[in-house]
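Student: Structure here, sequence nowhere to be found:
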Ligand code: KG4
Ligand code: ZN
């Protein structure tokens with residue numbers, strides 16, 4: 001079954017053709033990141049406008065690259081939640097138009113389910129159940145993936161998402177938006193034990209995360225140094241910050257794996273590209289004899305191939321939508 005998949009929930013306009021949830025026939029991403037960079041973050045109104053301008057060309061290219069047409073695909077999968085609502089609606093309405101004009105099934109896909117499904121594209125042997133750490137710009141969750149469309153959240157962030165914390169700390173350190181990847185590069189040159197930073201815990205909730213105190217500690221450290229005229233070694237601060245985030249994420253992830261009896265661990269979302277997180281989990285899983293699955297770097301960030309992968313399993317589960325499908329800004333993965 002070949003699906004045309006569409007993703008427009010943030011600042012990437014993307015379309016892909018995916019076969020049977022596992023094979024990417026084409027994947028096209030138009031990134032708006034350069035334009036948003038000058039504002040230090042995504043401007044929702046600009047994102048919606050660019051999606052509107054780009055979505056036809058991006059979709060046509062995805063069809064062309066795969067040697068397909070609107071008539072030859074078997075369904076239209078689209079991200080309908082969560083995300084910037086104006087941005088999500090561009091993809092949803094476009095997909096509804098295609099479904100109406102072709103008579104093909106319309107398959108709504110939850111964006112975070114899509115991030116998890118990116119792993120199905122890279123790892124043919126990966127099947128649920130498994131434990132997944134989803135870390136993106138908007139979400140940080142520890143999730144039991146019980147089946148392809150059945151999820152149970154066992155931990156979440158109480159404040160900033162991991163990617164958000166990376167981006168805010170990176171901004172304070174002077175890196176351009178989105179700073180996560182720049183901070184990661186700097187961290188690889190720095191000393192992770194140079195600066196003492198907190199590892200905030202959430203009282204009574206062993207699998208929840210909290211990053212705002214860590215981010216504030218970085219901001220305060222930079223302010224104090226500036227006031228005293230001291231120089232901060234940015235590479236060392238980046239390494240210390242990354243080390244703290246990775247320790248928070250990996251310690252909760254591994255503890256949950258032990259308590260809930262998972263030996264199959266999966267990471268997903270933009271922050272799963274982080275070199276520190278990947279390295280730490282690789283070593284820890286090897287030591288414990290766990291199987292660790294990570295998306296290849298091009299599938300960590302937002303793309304439509306992952307929506308096509310999850311869309312296939314949503315279709316198999318009977319999850320299709322009518323033309324009354326609406327976009328939703330905020331929706332739990334287990335809804
Ligand atoms: O999944 P994603 O593309 O978008 C959302 O659904 O939110 O995640 C984007 C986030 C950004 O915060 C970005 O800074 C972060 O992923 N990110 C990284 C790295 N690459 C991307 N964070 C840390 N290290 C990286 N190498
Ligand atoms: Zn995303």
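Tutor: Nice, thanks for sending it over. Source: prediction; values computed, not measured. Ligands and ions are numbered 1, 2, ... in the order given.

Student: What residue, apart from its backbone neighbours, is nearest residue 230 spatially?
Tutor: Spatially, and ignoring its direct neighbours in sequence, residue 230 is nearest to residue 224 (8.0 Å; Cβ to Cβ, 6 or more residues apart in numbering). All C-beta atoms are positioned from the backbone trio N, CA, C, and that covers glycine.

Student: What is the neighbour count of the one you found?
Tutor: By the criterion of other Cβ atoms under 10 Å, residue 224 has 11 neighbours.

Student: One more: residue 20?
Tutor: Neighbour tally, residue 20, other Cβ under 10 Å: 13.

Student: That one: what's it in contact with?
Tutor: 1, 312 (Cβ atoms under 8 Å, 6 or more residues apart in numbering).

Student: circling back: in terms of helices and strands, where is the residue nearest to residue 230?
Tutor: Secondary structure assignment for residue 224, by DSSP states H and E: helix 212-228.

Student: I would like the residues contacting that helix, please.
Tutor: 159-160, 165, 168-169, 172-173, 195, 197-200, 230-232, 237, 241, 244-245, 248.

Student: quick one: the helix or strand just after it near ligand 1?
Tutor: Note on helix 212-228: by DSSP H and E, the next helix or strand toward the C-terminus is helix 234-260. No - Helix 234-260 does not reach ligand 1 (Cβ under 6 Å from any ligand atom); its nearest approach is 7.5 Å.

Student: now stretch 302-320
Tutor: Yes - contact between stretch 302-320 and ligand 1, assessed by Cβ under 6 Å from any ligand atom, occurs at residue 302.

Student: cool, and stretch 276-294?
Tutor: No - on the criterion Cβ under 6 Å from any ligand atom, stretch 276-294 is out of touch with ligand 1, staying 7.4 Å away.

Student: Enumerate the residues of the stretch 51-200 of the chain near ligand 2.
Tutor: Within the stretch 51-200 of the chain, the positions near ligand 2 by Cβ under 5 Å from the ion are residue 136.

Student: For the stretch 51-200 of the chain, just list every one of the helices.
Tutor: Ranges of helices within the stretch 51-200 of the chain are 85-102, 111-122, 162-172, 180-187, based on DSSP state H, counting those that start in this stretch.

Student: Can you lay out the ones you listed as a markdown table showing mean pLDDT?
Tutor: Putting the helices of the stretch 51-200 of the chain into a markdown table (pLDDT from 0 to 100) gives the following:
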| stretch | mean pLDDT |
| --- | --- |
| helix 85-102 | 98 |
| helix 111-122 | 98 |
| helix 162-172 | 96 |
| helix 180-187 | 98 |
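
Student: Just the buried ones from the contacts of helix 212-228?
Tutor: When the contacts of helix 212-228 are checked for burial by 16 or more other Cβ atoms under 10 Å, the buried set is 159-160, 165, 168-169, 172-173, 195, 197, 200, 232, 237, 241, 244-245, 248.

Student: where's the dip in pLDDT among the residues you listed?
Tutor: pLDDT across the buried ones among the contacts of helix 212-228 is lowest for residue 200, at 92.

Student: Check the spacing between that residue and residue 129 real quick.
Tutor: 30 Å (Cβ to Cβ, to the nearest Å).

Student: coming back round to it: please identify the buried residues of the helix holding residue 224?
Tutor: Neighbour counts over helix 212-228 (16+ other Cβ under 10 Å) mark 214-215, 217-218, 221-222 as buried.

Student: swap in stretch 317-334?
Tutor: With burial defined by 16+ other Cβ under 10 Å, the residues of stretch 317-334 counted as buried are 319-321, 325, 327-328, 333.

Student: Could you list the residues of the stretch 101-250 of the chain in contact with ligand 1?
Tutor: When proximity is defined as Cβ under 6 Å from any ligand atom, the stretch 101-250 of the chain approaches ligand 1 at 115, 136-138, 163, 166-167, 178, 180-181, 184.

Student: go with 5 Å
Tutor: Selection of the stretch 101-250 of the chain residues close to ligand 1 by Cβ under 5 Å from any ligand atom yields 136-138, 163, 166-167, 178, 180-181, 184.
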